[in-house]
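S.K.: Here's my sequence, what's the structure:
(8 chains)
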There are 8 protein chains.
Amino acid sequence: MSADGSDVRLDLARRGRTSIPEVIFGERKTPEAIERIARALYADSGFALATRVAAEVGPELARALPDARYFERARVLQCGSLPRTGRRVAIACAGTSDVPVAEEAARTLEAFGHETIERFDVGVAGIHRTFAVLDDLNAAGAIIVVAGMEGALPSVVAGLVRPPVIAVPTSVGYGAAFGGIAALLTMLNSCAPGIAVVNIDAGFSAACVAHKIVSLGEGPPGTGTRGD
Amino acid sequence: MSADGSDVRLDLARRGRTSIPEVIFGERKTPEAIERIARALYADSGFALATRVAAEVGPELARALPDARYFERARVLQCGSLPRTGRRVAIACAGTSDVPVAEEAARTLEAFGHETIERFDVGVAGIHRTFAVLDDLNAAGAIIVVAGMEGALPSVVAGLVRPPVIAVPTSVGYGAAFGGIAALLTMLNSCAPGIAVVNIDAGFSAACVAHKIVSLGEGPPGTGTRGD
Amino acid sequence: MSADGSDVRLDLARRGRTSIPEVIFGERKTPEAIERIARALYADSGFALATRVAAEVGPELARALPDARYFERARVLQCGSLPRTGRRVAIACAGTSDVPVAEEAARTLEAFGHETIERFDVGVAGIHRTFAVLDDLNAAGAIIVVAGMEGALPSVVAGLVRPPVIAVPTSVGYGAAFGGIAALLTMLNSCAPGIAVVNIDAGFSAACVAHKIVSLGEGPPGTGTRGD
Amino acid sequence: MSADGSDVRLDLARRGRTSIPEVIFGERKTPEAIERIARALYADSGFALATRVAAEVGPELARALPDARYFERARVLQCGSLPRTGRRVAIACAGTSDVPVAEEAARTLEAFGHETIERFDVGVAGIHRTFAVLDDLNAAGAIIVVAGMEGALPSVVAGLVRPPVIAVPTSVGYGAAFGGIAALLTMLNSCAPGIAVVNIDAGFSAACVAHKIVSLGEGPPGTGTRGD
Amino acid sequence: MSADGSDVRLDLARRGRTSIPEVIFGERKTPEAIERIARALYADSGFALATRVAAEVGPELARALPDARYFERARVLQCGSLPRTGRRVAIACAGTSDVPVAEEAARTLEAFGHETIERFDVGVAGIHRTFAVLDDLNAAGAIIVVAGMEGALPSVVAGLVRPPVIAVPTSVGYGAAFGGIAALLTMLNSCAPGIAVVNIDAGFSAACVAHKIVSLGEGPPGTGTRGD
Amino acid sequence: MSADGSDVRLDLARRGRTSIPEVIFGERKTPEAIERIARALYADSGFALATRVAAEVGPELARALPDARYFERARVLQCGSLPRTGRRVAIACAGTSDVPVAEEAARTLEAFGHETIERFDVGVAGIHRTFAVLDDLNAAGAIIVVAGMEGALPSVVAGLVRPPVIAVPTSVGYGAAFGGIAALLTMLNSCAPGIAVVNIDAGFSAACVAHKIVSLGEGPPGTGTRGD
Amino acid sequence: MSADGSDVRLDLARRGRTSIPEVIFGERKTPEAIERIARALYADSGFALATRVAAEVGPELARALPDARYFERARVLQCGSLPRTGRRVAIACAGTSDVPVAEEAARTLEAFGHETIERFDVGVAGIHRTFAVLDDLNAAGAIIVVAGMEGALPSVVAGLVRPPVIAVPTSVGYGAAFGGIAALLTMLNSCAPGIAVVNIDAGFSAACVAHKIVSLGEGPPGTGTRGD
Amino acid sequence: MSADGSDVRLDLARRGRTSIPEVIFGERKTPEAIERIARALYADSGFALATRVAAEVGPELARALPDARYFERARVLQCGSLPRTGRRVAIACAGTSDVPVAEEAARTLEAFGHETIERFDVGVAGIHRTFAVLDDLNAAGAIIVVAGMEGALPSVVAGLVRPPVIAVPTSVGYGAAFGGIAALLTMLNSCAPGIAVVNIDAGFSAACVAHKIVSLGEGPPGTGTRGD
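M.R.: Predicted structure coming up:
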């Protein structure tokens, strides 16, 4: 399938191979293509997930598809769900404009079976807000930190917590923010060690990294067991 | 300490707070400054590590400092060591020119107490070499993949393994490689989910992320326990 | 002709001189200008081709022009055709969003008289899909590989096939994909030798290079004969 | 004067006009040119200052010139001095590698007659160090914050103090630090209001801005009096 | 609050801590969110300010909110006001297209209680216009200079006045102006000392810096007193 | 082998698989590593080639290795040779500073068994020089065009010849040439169709593409036969 | 005047001082502002010119203003005219999409009293078209060459003519044309001496440079007389 | 000739065709190559010029070549001279570090037979210096303005003079000057009309443009006569 779903080659073995199921990237796809692929995935495994599904088409798709739900702020469409894991991932974001990206990460992780701890609007301009949520972040197996503009929040957080920090720059900002480049560079150059970075606005990518981290030991024998 | 070590404010509580001890960044520092800080850290905890220590000064520093060893290809200087953890991290690199960065990661992880699985020169131009090491990579708790030029190796690996992949772009290449920008962009835009990226040539940063991942559950009660 | 076709100086000798006929670049041109130039070219040689013709105007132009056909996904408008050559060009693309660029290349090559082998959605995230089409690609005289995001597919393909590989980066992606720059840099820096690159989204340019390659020996005596 | 000082047109009225005296930029100038211009400025006003004077020539110039002193880390050469003002400027820097830039600012301000409060190595990776110096910074009329790598320190400081913050990005860092671009963008995009930015490594420029700020009310009647 | 205002954590102590109250950044926020936050801020302190409020929603918000006024060219919405300070800030801009940015600065400063001196369309192409306003600029406690295109005005002004100059590049221009990058670089590299720079189109940021400068001595005892 | 050749995994089957043998990239490698790998390749197939071999070590390596020759301007080291093919590739370059890149391509092609037609210093500033060599270029199976500065030569050539044009931008130039970026962009955006581009200064890459083109029909049955 | 024309300070002496009258830049201005300024300029000197006037408002403005005419392709609005000079400027452009920029230059020059020689669609892909117009170009006092995409035309022209060449890059192109950056860099790095460059799409700027060149000797005694 | 002069194709008809003789670009050429080409040019026309000739080899070349002179600051080597023209070109530069570029322009113009008016160190930080030289600049047929850092001088000059202004950005500056990019962008975006720009540090290019301008009317009948 292509725009109309006719050239797609589904990779149904991906979850077994990499722990992450094939997920539909909704941008540039027609609603028909999204629906067709979602049905195929759901038929195979009882689960389908689509990101970047526009608010114009999401609710209708949710009505048309089996066992489906649409999250508007996250732009995520979910059919069915994966088993609960009992693992926790924390998600913090700097400003209110970063929330959609944070929610894309959160909804993806919950669809993958994990519990999320969401703490929003905790940017460094009022750093007491950051400190107020540190214990919550430290209680997770991985921390996703989402920030636009200058993107300083991951540096501050990583200097204060034990779990790995996955930093997500957002395109929030103007002028010399350059659509997220400023935040991206900040995160790549952080003076606080232990930060890994994903693409601009890539809430889904951050969720996949966090999912892999907290799933260690969940795979087939001999794989992904932290090495012990 | 500054270039001469006189303005440094040591952060001795960092390891307790974040799981990563303060480590000396040797670039732009005089041998005297490196020695002074290393002695102070070693006196506090029986352990000191310095990266980016030039081959011109490393061997002499290793002779002068207590319980010290210098790794020339990695440019790492180590005094004492941290307790063995029994955790495993795999490190793959695409070409032979990427080895120094891969070794910086490997020596750092070993100094932090972990076991490393090193598989070098497995780039995608001869992709059978990549396939030949997949089982080794899958046996680790985290996989560091180091690549310069076009940096395609992490994409291929991440499509085939369960552990999280930490991608390290290197400055290897010429012309439109732009000192590592090409590889960095490749890794940030990977079509294979579950890749986290660190700065160009940042073997140490990758090691810190991997250390945090495989150390989950090792911290004080209630922190960094994957959430279960 | 200009936007209205009034300042154009047709280069009717181009096909004899370079093997590639003058082709209309439809972007920024009015339908009237496209129609007028197409009629002039068709009158001269019984063949006219226009690329980047928007879906809003393509079908109507196809109805108005002689012996014409419009391909919507490729945005290609064709009047008449060139003689069959019996030569084959393979076209692979990484993801479904890259299909329009791949189709621009395919429709152009077919208009130029060649046979195409199209294999879509074979990106490296599920590399078995790439391997499944290798024999098909190897059976062609040139291989066009189209990829957006990190653009790693040409590197993998070029390490496994004998024909020359023409890599086309696409603007598919977001954030640090920078409208195709990431894929472009990847392709220029490939560790696999034997890759030539064209502009971002330039399916037509790739087709022209492939056309020249498979047409070797077809020109006037003493030119373009591979030198033997 | 030019490289040899022969084409210089001294602007001796600059201090009266703008409050900042003409200062020699030592880079790309021969020692002879620096000495000649310094003598001319000193003869006119009993004061001369040169920045970016290399350690190879600074000490000898200091011996040759009247009433002169050379500061090696700051690369500043001073002849004579301006009257004490009793005003205070605080200067903080993130890491020890940023100290030379911070010292260029400090020595310039002291030469201009101000008192400086220097607090170095207080970067956000160990944010308790930042908090420990806040009262000192708040006691000044302006705060210069110097930081390389990701340059997050000014954002944190500006969210916690009342005086204006002048942020100086430095070229400290590697890879995606791009010689200071990452820090520069961070500072320009700060979410904490009240930050003004100068060029990369521009300790002298920051000092000039701070000098103008704390000198308000010192100029001729009717100018620069804060407007009250 | 987020787009709908539901995730906001208000920082009501910010004005006491930094002299600048929390201000609403209206871009990407719904009118409902702006109204809700403005009401909360006004309830706390009798003052609320929002910038980047679109002309489509500004007038209606001004009618709905207590003691409110909307400035269309500045895109500023104000509820209540802060006490008059008697301090003066001058604002100059190069061309008429830069006026909206200059007005954002002016309206912010007036809302903060200061008096403004506005001198517009005084760019260097007709430099007599610049000279004509110099005395007015010199009578202020800080000068904001706004310019797009090549952004040369701050260099010329700073060579002729005593107060600190805050330079604001604008996105006015085309082609190689690159949305304000050209003007930004000009201002960062100015040969005239004493210029501090803020983000592209950041009239509000410039106002905050100017506010901090002219407010020196206004804070709690021992802070921000110019050090005397 | 790595810098010392100890981590290399030779890909001896590459020539059979892709038509291009494994070639040593000499940059960043010690002479010992180059010698060791060259001996291993020569022992396997009677042929070894190394590019980017510095003039300081090339002649001595040529003396030490069997059946070896070093080309200083091309920086190419060759041991043994591949069978003559009777195919011809033309190589043109714009200016005399581009010659080393052109020679890297020429020596590589001759080592691969092809005949080369070299026409240098034929840049468009004196376009009669370009016209004078057109017949020579047209007599080849592929044309490599090497140009620095603005890189306009491939556009002019491609508008006048039948064989495919492989464009190589060089880092020759200064200022806004940006180390070859200007020429690279020129070639990617050429208005003359039928140009394929390789990396900056990548004479070897261009040779590999040309080799693949003129070798069509030389591979195992069913592969790379132009499709007829 | 600003968007509504209320903050403008007209520079009526500009033509006497620099030979170029004040001209209205229509972008970002309301029709009301354009009309008000045009009336003021016309009242002063019997002449007014506005560039970048959109087709939506141009015809109506031409009806409303005295002695006015609107050129749609050039987006130029003219009221009155300057005296004929008898001087000639040639304007060439590479492709039909570049015509609007070329026409902006042509209409401006004619409004300034000069004669223009326009030769369009003469790009280097069919270089016989370029050669066909060389005599026409050589007959002018200055040559403006407009080109998008790779922008090679000025290099070819400048190698063949005597008058100065003013090169105008346009934003025509896609992908790696980067909105005109590719053409701009090409022109700045031309191997053919005697080319001067203006901003992207800046037909008006090119016209001003050409006007100054052909007007030499027309100014007040002792100025601009070529020095003889 | 190439590095050793063996691949050069001299373009001896260039002066007749374009008014500018072939000139040797000395960078990347050996002294032997420079000498060989200079002898060939001098033998043909009694004149040879080489730019970018390093101080290490210039004096010796001047001794070896006939009728030769070497200008160290300009790095220009001249053999013989062209006839005096009586035309005048003015050259201004902003700071003393820009002098070498200004001198390259000046020595080239004098070698071409023109008179130069040199006014250095007249940058806008002390704008009275700019005003002091305006009459001198206005007395020339063309004005070359050389500036690094923010490059504002051409904007100020062009607003005040009648002759065309040729702006030369230099690589003088640091940090965000980006090796001349800041000054280049400033000049391309100038708000003062009538400025043409050449490459960074391109004193020779500026001289060629100025030479063409002041030579109008000097060519063969019917060419380059300003059109009157």
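S.K.: Can you give me the neighbour number for A:Asp98?
M.R.: Using other Cβ atoms under 10 Å in any protein chain shown, A:Asp98 has 32 other residues around it. Backbone N, C-alpha and C define where each C-beta goes, glycine included.
S.K.: Check the one 3 residues further on too.
M.R.: Around A:Val101 sit 30 other residues, with neighbours defined as other Cβ under 10 Å.
S.K.: in which helix or strand would I find it?
M.R.: helix A:99-111 (DSSP states H and E).
S.K.: gap between the most centrally placed residue in chain A and A:Ala192?
M.R.: Here the mean C-alpha position of chain A is nearest to the C-alpha of A:Ala105 (Cα atoms, centre = their mean), at a distance of 2.4 Å. In this view, A:Ala105 and A:Ala192 are 20 Å apart by Cβ to Cβ, to the nearest Å.
S.K.: swap in A:Arg162?
M.R.: With Cβ to Cβ as the criterion, A:Arg162 and A:Ala192 are 13 Å apart.
S.K.: okay, and the common contacts of the two?
M.R.: Taking Cβ atoms under 8 Å, 6 or more residues apart in numbering or on different chains as the contact criterion, the residues that touch both A:Arg162 and A:Ala192 are B:Thr18.
S.K.: Mind giving me the packing neighbours of the longest helix along chain A?
M.R.: The helix that spans the most residues within chain A, counting by DSSP state H, is helix A:31-45. With contacts defined as 3 or more Cβ pairs under 8 Å, 6 or more residues apart in numbering or on different chains; DSSP states H and E, the packing partners of helix A:31-45 are strand A:24-25, strand A:47-51, helix A:58-64, strand A:76-80.
S.K.: Mind putting the ones you listed into a markdown table with mean neighbour count and distance to G:Glu118?
M.R.: Shown next, in a markdown table, are those (neighbours: other Cβ atoms under 10 Å in any protein chain shown; distance: least, Cβ to Cβ, whole Å):
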| stretch | mean neighbour count | distance to G:Glu118 |
| --- | --- | --- |
| strand A:24-25 | 22 | 49 |
| strand A:47-51 | 24 | 52 |
| helix A:58-64 | 15 | 53 |
| strand A:76-80 | 24 | 56 |
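S.K.: Identify whichever of those lies nearest to chain B.
M.R.: Judged by Cβ to the nearest Cβ, the one of the helices and strands packed on helix A:31-45 that comes nearest to chain B is strand A:24-25, at 9.2 Å.
S.K.: how far off strand A:76-80 does the longest helix of chain A point, in degrees?
M.R.: Angle of helix A:31-45 versus strand A:76-80, following axes from the mean of the first three to the mean of the last three Cα atoms, to 10 degrees, is 30 degrees.
S.K.: returning to that earlier point: how many neighbours does the closest residue to the residue nearest to the centre of chain A other than its chain neighbours have?
M.R.: The shortest distance from A:Ala105 to any non-neighbouring residue, by Cβ to Cβ, 6 or more residues apart in numbering or on different chains, is to A:Gly203 (3.9 Å). A count of nearby residues for A:Gly203, using other Cβ under 10 Å, gives 31.
S.K.: Ok, the one 4 residues further on next?
M.R.: Using other Cβ under 10 Å, A:Ala207 is surrounded by 34 other residues.
S.K.: Make sure it is actually in contact with A:Ala105.
M.R.: Yes: between A:Ala207 and A:Ala105 there is a contact under Cβ atoms under 8 Å: 4.4 Å.
S.K.: list the residues that contact both of these two?
M.R.: Common neighbours of A:Ala207 and A:Ala105 (Cβ under 8 Å, 6+ apart) are A:Ile144.
S.K.: Quick one: the helices in chain A, in order.
M.R.: A:14-18, A:31-45, A:58-64, A:99-111, A:127-132, A:134-138, A:153-158, A:181-188, A:203-214.
S.K.: Residues touching the third one, excluding its own?
M.R.: Just to be clear, that refers to helix A:58-64. Contacts for helix A:58-64 (Cβ under 8 Å, 6+ apart): A:Pro31, A:Ile34, A:Glu35, A:Ala38, A:Ala50, A:Val53, A:Ala68, A:Arg69, A:Tyr70, A:Glu72, A:Arg75, A:Leu77.
S.K.: next one: the fifth one
M.R.: When contacts are defined by Cβ under 8 Å, 6+ apart, helix A:127-132 is touched by residues A:121-124, A:153, A:156-157, D:127, D:156, D:159-160, E:9, E:11.
S.K.: try 6 Å this time
M.R.: A:Val122, A:Val156, D:Gly159, E:Arg9 (Cβ atoms under 6 Å, 6 or more residues apart in numbering or on different chains).
S.K.: buried ones in it?
M.R.: Residues of helix A:127-132 classed as buried: A:Ile127, A:Arg129, A:Thr130 (neighbour count, 16 or more other Cβ atoms under 10 Å in any protein chain shown).
S.K.: related to what we said a few turns ago, buried only: go through the contacts of helix A:58-64 for me.
M.R.: A:Pro31, A:Ile34, A:Glu35, A:Ala38, A:Ala50, A:Val53, A:Ala68, A:Arg69, A:Tyr70, A:Arg75, A:Leu77.
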